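> Give me a 3D structure for the following:
(3 chains)
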Amino acid sequence: MPELPEVETTCRGIAPYVVGNIISNVVIRDRRLRWPVPRDLRKKLLNRKVLNLERRAKYLLFHFDHGCLILHLGMSGSLRIITGDQPAQKHDHLDIAFESGSVLRFHDPRRFGSVLWTSADPMQHALLAQLGPEPFSMACSGAYLHGLSRGRRQAVKTFIMDSHIVVGVGNIYASEALFRSGIRPQRRAGRVSRQEYEKLVQAIREVLQDAIAAGGTTLRDYVSGEGRPGYFAFELNVYDRGGEPCPQCGHPIKQLRIGQRSTYYCATCQR
DNA sequence: CCCGATTCCTGTAGGC
DNA sequence: TGCCTACAGGAATCGG
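The predicted model follows:
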């Protein structure tokens, strides 16, 4: 399931095959994603050059001189670079072929992903305009999170997973970051101290950075198409380890549900 | 405004 | 062995 590290890894992996290349064909096999793939997408893309590729939150932005392709991997989406003659498999919803002979193939079994087009500034698009800061940016400070959280009664885990607050913290990394910063996930966001938010921001950055580093494994496998999720090689301290001994203190890791999401923490190490 | 619940979807795992 | 249900999750949207 792609979280920010996987999207970042994907962005780096496909950029050399995409940026500066001209699109020679577009094949849409299934429009039924999170939102319908625009009917005129092929017309928009054909014979156009990708000027730049960037990640914003978990979105990939393919910039053209007349607009921008906005792509989200959802939870089961993936992008591969293949050679043009490989037959499409089930759930291969979209191909973007380049004059170089490379084909960018979008695969998404659960169809939570999205492929959209905008002719305007993509940052002003309804899906992107309200997003919070990137976790590695200066704007995402302990003071920022502390300030926004005052008066909020929701769980701190739910708070940091809200993409309007800060982007890129999915369910796995939320539990991991809270463990690393020693904060119980069910604490009310408004009752977490400024100092604790400083630690939490630091922990979010470390977790994501470590995961991006582990995602490098996927990056190397990328073109050959192993498709292994980046966090496979990533050391998870608490996520999906309910009942197992805490790696720090040995007490069993607790599991509960917060906001309909599985949550893991150590009651001894986290307060 | 705030916030929890629901919703979209399919593959997989677990229970019986 | 096979059927059925629960669960996984990003994020918009709904409802209280």
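
> ranges for the strands of the stretch 101-250 of chain A?
In the stretch 101-250 of chain A, the strands defined using DSSP state E, counting those that start in this stretch lie at A:102-107, A:114-118.

> Against which helices or strands is the longest one packed?
What it means is strand A:102-107. Using 3 or more Cβ pairs under 8 Å, 6 or more residues apart in numbering; DSSP states H and E, the elements in contact with strand A:102-107 are helix A:4-18, strand A:78-83, strand A:92-98. Where C-beta positions appear, they are placed from N, C-alpha and C, glycine not excepted.

> thinking A:Ser181 is in contact with A:Val207, fair?
No: using Cβ atoms under 8 Å, A:Ser181 makes no contact with A:Val207, being 9.6 Å away.

> Comparing the two, which residue is more hemmed in?
Set A:Ser181 next to A:Val207 and count neighbours by other Cβ atoms under 10 Å: A:Val207 wins out with 28 against 21.

> I am assuming that one contacts A:Ser175, so please confirm or correct that.
No: contact criterion Cβ under 8 Å: A:Val207 and A:Ser175 do not qualify, at 9.6 Å.

> Common neighbours of these two, please.
Contact criterion Cβ atoms under 8 Å, 6 or more residues apart in numbering; residues shared by A:Val207 and A:Ser175: none found.

> export the strands of the stretch 101-250 of chain A to TSV and tack on mean pLDDT?
Output for the strands of the stretch 101-250 of chain A, formatted as TSV (pLDDT from 0 to 100):
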stretch	mean pLDDT
strand A:102-107	94
strand A:114-118	94
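
> of all those strands, which lies closest to A:Ile160?
strand A:114-118 (23.2 Å; Cβ to Cβ).

> For the stretch 51-200 of chain A, list the residues in contact with DNA strand C, please.
Contact residues, the stretch 51-200 of chain A versus DNA strand C (Cβ under 7 Å from any atom of the strand): A:57-59, A:72, A:74-76, A:110, A:112, A:127, A:161, A:163-164, A:167, A:170-172.

> again, only using 10 Å
With the criterion set to Cβ under 10 Å from any atom of the strand, the stretch 51-200 of chain A comes near DNA strand C through A:56-59, A:72-77, A:109-114, A:125-131, A:161-164, A:167-175.

> Return the members of the residues you listed classed as buried.
Buried members of these, counted by 16 or more other Cβ atoms under 10 Å: A:56-59, A:72-75, A:77, A:111, A:113-114, A:125, A:127-128, A:131, A:161-163, A:167-175.

> Considering only the residues you listed, which also neighbour DNA strand B?
Okay, of those touching DNA strand B (Cβ under 10 Å from any atom of the strand), that's A:74-75, A:111, A:162.

> Among these, find the lowest-pLDDT one for me.
Within the set of those, pLDDT is lowest for A:Met75 (80).

> hang on, isn't that one packed against A:Arg110?
Yes: in this structure A:Met75 lies within contact range of A:Arg110 using Cβ under 8 Å: 6.2 Å.

> picking up where we left off before, I'd like the strands of the stretch 101-250 of chain A laid out as TSV, including distance to A:Gln186.
TSV is the format used below for the strands of the stretch 101-250 of chain A (distance: least, Cβ to Cβ, whole Å):
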stretch	distance to A:Gln186
strand A:102-107	36
strand A:114-118	31
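
> what about the ones you listed, which gets the closest to A:Ala214?
Nearest to A:Ala214 among the strands of the stretch 101-250 of chain A is strand A:102-107; the distance by Cβ to Cβ comes to 21.6 Å.

> Could you list the paired strands of the closest one along with their orientation?
Applying DSSP bridges to the sheet, strand A:102-107 is found paired with strand A:78-83 (antiparallel), strand A:92-98 (antiparallel).

> which stretches of chain A form helices?
Ranges of helices in chain A, per DSSP state H, are A:4-18, A:41-45, A:126-129, A:142-149, A:156-161, A:171-181, A:194-221.

> what's the closest residue to DNA strand C within chain A sitting at in phi/psi?
The minimum distance from chain A to DNA strand C, using Cβ to the nearest atom of the strand, falls at A:Gly170 (2.8 Å). The phi/psi pair for A:Gly170 (degrees, to the nearest 10) reads phi -90, psi -170.
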